[in-house]
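Visitor: Predicted structure and sequence below. I'll ask about it afterward.
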Amino acid sequence: IHNNIISGFRSGSDPTSGYSFIGISTDGASGNFTIRNNTIGSTTLANSIVMGGINTTSGVCTIQGISNAATGTISIDSNTVVNTAVFGTGTSTISGIVNSSGSAVTINANLITNASVTGLAGTSLGINNAATPATLSINRNTIRSFSISNSTAIFTAILNSGAVTSAIAIDSNKLGDTTGDLITYTVANSGAFTGISNSAGTAASSLSIQNNDIRGIVHSVAGSSAHIYLINSAATLSLNISGNTFTNLSVNTTGSVLFISNNVALPAGGTQTISNNSIVTGYAKTGDGGTVTVFTTAATSNATATINNNGNNFSTITVSGATILTVWIQLDVGLTTKTVSGNTFSNWTAATGAITVMTLSGFGNTSAIANNTISSITGQSSITGLTIAATGNATALNINGNTITGLSSTGTGGDVTALASANLSTAVNIFSNAINNLSSSGASVTVTGINVTGGTGTISVYTNEVKSISVTGATSPVAQGLAISGATTDTVII
């Protein structure tokens, strides 16, 4: 099905009727389809496909640009779905591409743009796959210029909910681009926003979510919607979420924000790679409240798995009011080999919310926390740079080469800690870290360079540089370069 133009459809506006439109629909057992270079809607005429009447239709109205239910090899490539609109007061939705079947599926290089949604509630999607093929490719698509005039509408740009058996690739997609923002909410909205979601796979499959870009999430009126930019909730044999960018986002929501979530356990021999993801230009959350988290996992992977979180750069973050920053949370407690290295977290400004930059745990075998940079972090509450929690049985956990500088709690101030460890691994080696310029203006605060609060093996703390600690409170502030407390049978070598 090639090179067709389908446009100029408008439903009636009966006050109780629901209307549905599908631009291209394919079906059939073992049907093999290539759907390519088709245009659904007019590239020049706004609202060229309309279902429902403005403020009159109470029925559910839906638009699907392309829908496939055939079971063979499916290629949906280089199509355009443009200038569509659903109106009325019901749970009306727009989906650009919907795929529910196929033995091998590619959905590549499509453009889904200029979609307008009114009504109440409902979930609109750019691309939606529910099929369970051997392989799934959702690559190089562009989704932009969705407009939501609906206070509770839910939006997901790309969703895979099919248990793909071999390989899932969701790579190099543009969610918003230089031509248009991804989405604009024209009214106060409380519905969930999700950029890319993978919710299914198998213990034998691989998952790649790489080199995608998200930009242009606009709340024209302050909203309360929660944002999740990338999420995987399926246990696969291997996972690679790398090279994704979050470009110059400024979000006017009081809801919580989560950049990357992967709260699933790895099987035996599995691998998790979360690397080289970054903020481009900057990130601002102008709505007061909630929590901003860059990465989180709290699973229990098989001890033979390997986890690498390397080379990520989440810098230039500004949040408002009581918004809390709990940024890199690597709490997979499966006692795996784990490397957290070369990450950069710099130039953050918060108001009254607490800040915790990195929280790590669950180390096994020989693991490392090395060469990370945490710098220029400012707020008015407690600030913690790097926390290593208790869970661990590593033969050696090396915490070295990290730079933590410029942690400053101003105003009423709070406690400031650069590096804290309570890890129970056999050997915990804290060495060659550079810590400086820590300060708080709180009346009775504690500012600490390195704080060891527990351990049951050998803890070695050596050749670290800790300097320039400042407390200016008027009551009973405390400054500590190195503090050792709460240890049980550990041996401390300084």
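Guide: Perfect, thanks for sending it.
Visitor: For the rest of this, base every contact and every neighbour count on C-alpha atoms.
Guide: Noted.
Visitor: So, low pLDDT: which residues of the stretch 251-400 of the chain?
Guide: Applying pLDDT under 70 to the stretch 251-400 of the chain flags no residue at all.
Visitor: just the strands in it please.
Guide: Using DSSP state E, counting those that start in this stretch, the strands of the stretch 251-400 of the chain run over 257-262, 271-275, 278-285, 291-297, 306-310, 317-319, 324-330, 337-341, 344-349, 355-360, 366-370, 373-379, 383-388, 396-400.
Visitor: and the residue nearest to Leu335 when sequence neighbours are not counted, how many residues sit next to it?
Guide: In space, and not counting its chain neighbours, Leu335 is closest to Gly364: 4.2 Å by Cα to Cα, 6 or more residues apart in numbering. Gly364: 26 surrounding residues under other Cα atoms under 10 Å.
Visitor: One more: Thr412?
Guide: Neighbours of Thr412 (other Cα under 10 Å): 16.
Visitor: can you check Ile1 too?
Guide: Neighbour tally, Ile1, other Cα under 10 Å: 12.
Visitor: Ser7 versus that one, what's the distance?
Guide: Per Cα to Cα, to the nearest Å, Ile1 is found 16 Å from Ser7.
Visitor: Also Thr448?
Guide: Distance from Thr448 to Ser7, counting by Cα to Cα: 66 Å.
Visitor: Looking at the two, which is more packed in?
Guide: Per other Cα under 10 Å, whichever of Thr448 and Ser7 has more neighbours is Thr448, with 25 against 21.
Visitor: for the more buried one, which residues make a bridge with it?
Guide: Going by DSSP bridges, Thr448 is paired in beta bridges with Thr417, Gln480.
Visitor: Quick check, it in contact with Ile484.
Guide: No: using Cα atoms under 8 Å as the test, Thr448 is too far from Ile484 to be in contact (10.8 Å).
Visitor: CSV for the strands of the stretch 251-400 of the chain, including distance to Gly59?
Guide: Below are those laid out as CSV (distance: least, Cα to Cα, whole Å):
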stretch, distance to Gly59
strand 257-262, 33
strand 271-275, 44
strand 278-285, 36
strand 291-297, 37
strand 306-310, 48
strand 317-319, 40
strand 324-330, 41
strand 337-341, 52
strand 344-349, 46
strand 355-360, 46
strand 366-370, 56
strand 373-379, 49
strand 383-388, 51
strand 396-400, 60
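Visitor: Can you add mean neighbour count and give these back as TSV?
Guide: Below are those laid out as TSV (neighbours: other Cα atoms under 10 Å):
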stretch	mean neighbour count
strand 257-262	21
strand 271-275	21
strand 278-285	19
strand 291-297	21
strand 306-310	21
strand 317-319	22
strand 324-330	22
strand 337-341	22
strand 344-349	21
strand 355-360	23
strand 366-370	22
strand 373-379	23
strand 383-388	24
strand 396-400	22
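Visitor: mind checking which of those strands is nearest Val428?
Guide: With Cα to Cα as the measure, strand 396-400 is the member of those nearest Val428 (4.9 Å).
Visitor: need the next SSE after that closest one, C-terminal direction.
Guide: strand 403-409 (DSSP states H and E).
Visitor: the strands in the stretch 51-200 of the chain, which residues?
Guide: Secondary structure of the stretch 51-200 of the chain, counting by DSSP E, counting those that start in this stretch: strands at 62-68, 73-77, 80-86, 93-99, 104-108, 111-118, 123-129, 135-139, 142-149, 154-160, 167-169, 174-175, 183-185, 193-198.
Visitor: Summarise which helices and strands the third one is packed against.
Guide: Counting by 3 or more Cα pairs under 8 Å, 6 or more residues apart in numbering; DSSP states H and E, the packing neighbours recorded for strand 80-86 are strand 39-40, strand 49-51, strand 62-68, strand 93-99, strand 111-118.
Visitor: who wins for proximity to Ala29 among the ones you listed?
Guide: strand 62-68 (11.5 Å).
Visitor: Pairing partners for that closest one, with directions?
Guide: Sheet pairing here is set by DSSP bridges, and for strand 62-68 it gives strand 20-26 (parallel), strand 93-99 (parallel).
Visitor: by how many degrees do that strand and strand 111-118 diverge?
Guide: 150 degrees (axes from the mean of the first three to the mean of the last three Cα atoms, to 10 degrees).
Visitor: If we ignore the residues flanking it in sequence, what's nearest Val471?
Guide: Among residues not flanking Val471 along the chain, Ser440 sits closest, at 5.2 Å (Cα to Cα, 6+ apart).
Visitor: Quick check: that neighbour touching Ser468?
Guide: No: between Ser440 and Ser468 there is no contact under Cα under 8 Å: 11.8 Å.
Visitor: Between these two, which has more neighbouring residues?
Guide: A direct count of neighbours by other Cα under 10 Å for Ser440 and Ser468 places Ser440 higher, at 33 against 14.
Visitor: OK, contacts around the more buried one?
Guide: With contact taken as Cα atoms under 8 Å, 6 or more residues apart in numbering, Ser440 is in contact with Ser408, Ser409, Thr410, Gly413, Gly414, Asp415, Val416, Val447, Ser470, Val471, Thr472, Gly473.
Visitor: Run a quick neighbour tally on the second one.
Guide: The reference is to Ser409. When counting by other Cα under 10 Å, one arrives at 29 neighbours for Ser409.
Visitor: what's near enough to touch it?
Guide: Contacts here follow Cα under 8 Å, 6+ apart; on that basis Ser409 touches Thr378, Gly379, Gln380, Ser381, Ser382, Ile383, Asp415, Val416, Ser439, Ser440, Ser441, Gly442.
Visitor: Check these against Thr297 and report the nearest one.
Guide: Nearest to Thr297 among the contacts of Ser409 is Ile383, at 21.1 Å by Cα to Cα.
Visitor: partner residues bridging the closest one?
Guide: Residues in a beta bridge with Ile383, per DSSP bridges, are Ile355, Val416.
Visitor: can I assume it is in contact with Thr352?
Guide: No: counting by Cα under 8 Å, Thr352 is not a contact partner of Ile383; they are 10.8 Å apart.
Visitor: rewinding a little: among the contacts of Ser409, pick out the one closest to Asn347, please.
Guide: Checking the contacts of Ser409 one by one against Asn347 (Cα to Cα), the nearest turns out to be Thr378, at 7.9 Å.
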